[in-house]
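S.K.: got a structure for you, letters missing:
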């Protein structure tokens, strides 16, 4: 996977709560490291805003820290550095790589904004959906196809999302409302767990595809993958089954 780890957060509508979710994820990860980090990761954030004519990367703290700005919320949540990227969509190929490069010394970067996510193709894509707000914007339709995790405002909206050609392997959870009650703390924890599961699975898939020849892998090779990635043997076996990769000469029933 790329370094830093990229986590994209997009949504079906403006004002749906992308920054709130991003801030909650940042605050949690900076205190409670998840796989693949053995220590609290150093996190940065990119906030993308579409403009008509000009491109810029704003990192001036007097601007980033202005009250009621999303960038201030991302910084206050625990980001070491926050960049506000403003650009027409046709100039993203020039400005977004520069922004990511500025944050390349960090462990993880949260990317907020559908167009930025579409260009950067983060390691994990989180999509917020609320069907009660009406028809989703065109850029959001593409996000549904990319989304690894779909965060719903209402569980009853899941069939609606699936009918929109959402990623068939996407995982679902309910959006926390951050009112402080136990149920919503559990909802945030579930989202964090889904992020971790997605990272593990993609890392395993990458190595399995790389090291399996003709759809086969020896048990010894599979165990080495698990040990290299720091995951349990059964997780490699489960992912191999999903990819229809056969593990041969299995020892001790590990797979």
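M.R.: Arrived safely, thanks for sending. Fair warning: this is a prediction, and the values are worked out from it, not measured in the lab.

S.K.: if I pick residue 93, what's in contact with it?
M.R.: residue 119 (Cβ atoms under 8 Å, 6 or more residues apart in numbering). From N, CA and C alone the C-beta is placed, and that goes for glycine too.

S.K.: buried ones in the helix or strand where it lies?
M.R.: Assigned by DSSP states H and E, residue 93 belongs to helix 92-102. Neighbour-count burial for helix 92-102 flags 92, 95-96, 99-100, 102 (criterion: 16 or more other Cβ atoms under 10 Å).

S.K.: burial of residue 146, as a residue count?
M.R.: Applying other Cβ atoms under 10 Å, we find 18 residues neighbouring residue 146.

S.K.: That one contacts residue 167, doesn't it?
M.R.: Yes - contact criterion Cβ atoms under 8 Å: residue 146 and residue 167 qualify, at 6.7 Å.

S.K.: Poorly predicted segments of the stretch 51-200 of the chain, please.
M.R.: 180-183 (pLDDT under 70).

S.K.: Helices of that one, start to end?
M.R.: 61-64, 70-76, 92-102, 114-120, 138-146, 158-162, 182-211 (DSSP state H, counting those that start in this stretch).

S.K.: With respect to residue 19, which of those helices lies nearest?
M.R.: Closest approach to residue 19 among these is made by helix 70-76 (4.2 Å; Cβ to Cβ).

S.K.: what residues go with each domain of the chain?
M.R.: 5-175, 203-248 (automatic domain parsing).

S.K.: Throw the ones you listed into a markdown table and include distance to residue 196, thanks.
M.R.: Formatted as a markdown table, these follow (distance: least, Cβ to Cβ, whole Å):
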| stretch | distance to residue 196 |
| --- | --- |
| domain 5-175 | 4 |
| domain 203-248 | 11 |
